[in-house]
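A.B. asks: structure for the following, please:
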Amino acid sequence: MDQLSTIILAAALIIIMLGMGLSLVAADFQRIFRHPKAILVGLTNQIILLPLIGFALAVSFPIQPEIAIGLMILAACPGGPTSNLIAHLAKGNTALSVTLTALSSLITIITIPFIVNIALIHFLEQGQMIQLNVLETILQILVIIVIPISIGMLIRRYRPGFALKMGNPVRKASGVVMMLVIAGLIVKERANVLSYFQQAGIIALCLNIITMLVGYYSAKLINVTDKSALSIAIESGIQNGTLAITIAVVLLENNAYAITPAIYSLLMFLTGGVVIYWGLRKSKAAYRSKAVT
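C.D. replies: So this is what the prediction gives:
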């Protein structure tokens, strides 16, 4: 991508993170003390199991290094605002979803550089070797995640009416920009896009489905409610594709690494729709069961 496109992508991510901040209050972070079991299993899935599953898929499928690295960048990223929306529409535990997104966004500032460097070392040949500067990367991610979220939270605290009013327009604007970015990437890589889609489409879908299933059943093992288990599943499988694309394009300066996150960002709306349908059916069934009793 050219410099203008890179700036637009970074700005889009900042807007998305600002929008997330507008929906957060201090109580969202305090829930870790009130519901530690659900939050601990959710973060374990997000921070530890997701990258491990991503790596297992990357080495199991016969894919190009660019696709494998893109998959690992995606697996290193936290959940995004889309996961909160899906949890809400699916009648999951929205408060838990928001808390997990916020906490994982903070924790992955530290873990992303290490996971991405492991992927670069493993999947690139010696002559192609590049590495992220860990401290510099942490600072860059801090700027595009923590600062916008913090500003959004300050606005929510001191101007709650304005924050609630702007939340929906900001989400819609960021979604439009995200689709434009994905379209730009596909046009830029049009010579390889069919080959990339054949490889990245299947593996991205596998990552999405497997991590949601692992998230749901690991939550049920510790006897959390159905609503919380659903939110943990969504947080485990719905990643921040915009952040992954930004890392690929802005920090690593390689459009090819962004193809897997871009394709994934399209597929997650399909699987998200299935999860919403399933969640609504479970919610209606639970309501009917209570009505009978």
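A.B. asks: so what does the helix or strand that contains I263 touch, helix or strand wise?
C.D. replies: Using DSSP states H and E, I263 sits within helix 259-292. For helix 259-292, the packing partners by 3 or more Cβ pairs under 8 Å, 6 or more residues apart in numbering; DSSP states H and E come out as helix 65-76, helix 81-89, helix 160-188, helix 193-221, helix 226-237, helix 241-246. All C-beta spots, glycine's among them, are computed from the backbone N, C-alpha and C.
A.B. asks: and if we set it to 6 Å?
C.D. replies: Using 3 or more Cβ pairs under 6 Å, 6 or more residues apart in numbering; DSSP states H and E, the elements in contact with helix 259-292 are helix 65-76, helix 193-221, helix 241-246.
A.B. asks: center of this structure - which residue?
C.D. replies: Most central in the chain under Cα atoms, centre = their mean is Q239, positioned 1.9 Å from the mean C-alpha point.
A.B. asks: neighbours of L85, just the number please.
C.D. replies: By the criterion of other Cβ atoms under 10 Å, L85 has 18 neighbours.
A.B. asks: meant to ask about G92
C.D. replies: By other Cβ under 10 Å, neighbour count at G92 equals 29.
A.B. asks: do the one 5 residues further on as well
C.D. replies: Other residues near S97 number 28, with proximity taken as other Cβ under 10 Å.
A.B. asks: look at it and report its pLDDT.
C.D. replies: Predicted confidence (pLDDT) for S97: 83.
A.B. asks: which parts of the helix or strand in which it is found are buried?
C.D. replies: S97 is part of helix 94-123 when elements are defined by DSSP H and E. By neighbour count on 16 or more other Cβ atoms under 10 Å, the buried set for helix 94-123 is 94-105, 108-109, 111-113, 115-117, 119-120, 123.
A.B. asks: what is that helix packed up against?
C.D. replies: helix 26-34, helix 65-76, helix 81-89, helix 134-141, helix 226-237.
A.B. asks: can you pull out the residues in contact with the helix or strand immediately after the shortest one in the chain?
C.D. replies: By that I understand helix 134-141. Per DSSP H and E, the first helix or strand lying C-terminal to helix 134-141 is helix 147-158. With contact meaning Cβ atoms under 6 Å, 6 or more residues apart in numbering, helix 147-158 is reached by I14, M17, L18, M20, G21, L22, L24, A163.
A.B. asks: one more: stretch 90-99?
C.D. replies: Surrounding stretch 90-99, the residues in contact under the criterion Cβ under 6 Å, 6+ apart are 28, 31, 38, 84, 87-88, 227-228, 230-231, 235, 275-276, 279, 283.
A.B. asks: got it, and stretch 229-236?
C.D. replies: 42, 45, 79, 83, 86-87, 90, 92-93, 96-97, 100, 211-212, 215-216, 219-220, 279.
A.B. asks: go with 8 Å
C.D. replies: Applying Cβ atoms under 8 Å, 6 or more residues apart in numbering, the external contacts of stretch 229-236 come out as 38, 41-42, 45-46, 49-50, 79, 83, 86-87, 90-94, 96-97, 100-101, 104, 211-216, 218-220, 224, 272, 275, 279, 282.
A.B. asks: among these, name the buried ones.
C.D. replies: 38, 41-42, 45-46, 49-50, 79, 83, 86-87, 90-94, 96-97, 100-101, 104, 211-212, 214-216, 218-220, 224, 272, 275, 279, 282.
A.B. asks: I14 contacts I141, correct?
C.D. replies: No. Using Cβ atoms under 8 Å, I14 is not in contact with I141; the gap is 11.6 Å.
A.B. asks: quick one: which of these two has more around it?
C.D. replies: I141 (22 against 19).
A.B. asks: apart from its chain neighbours, what residue comes closest to that one?
C.D. replies: In this structure, I141 finds its nearest non-sequential neighbour in I109, 4.9 Å apart by Cβ to Cβ, 6 or more residues apart in numbering.
A.B. asks: residues touching the one you found, list them.
C.D. replies: By Cβ under 8 Å, 6+ apart, the neighbours of I109 are I138, I141, L142, I145, V146.
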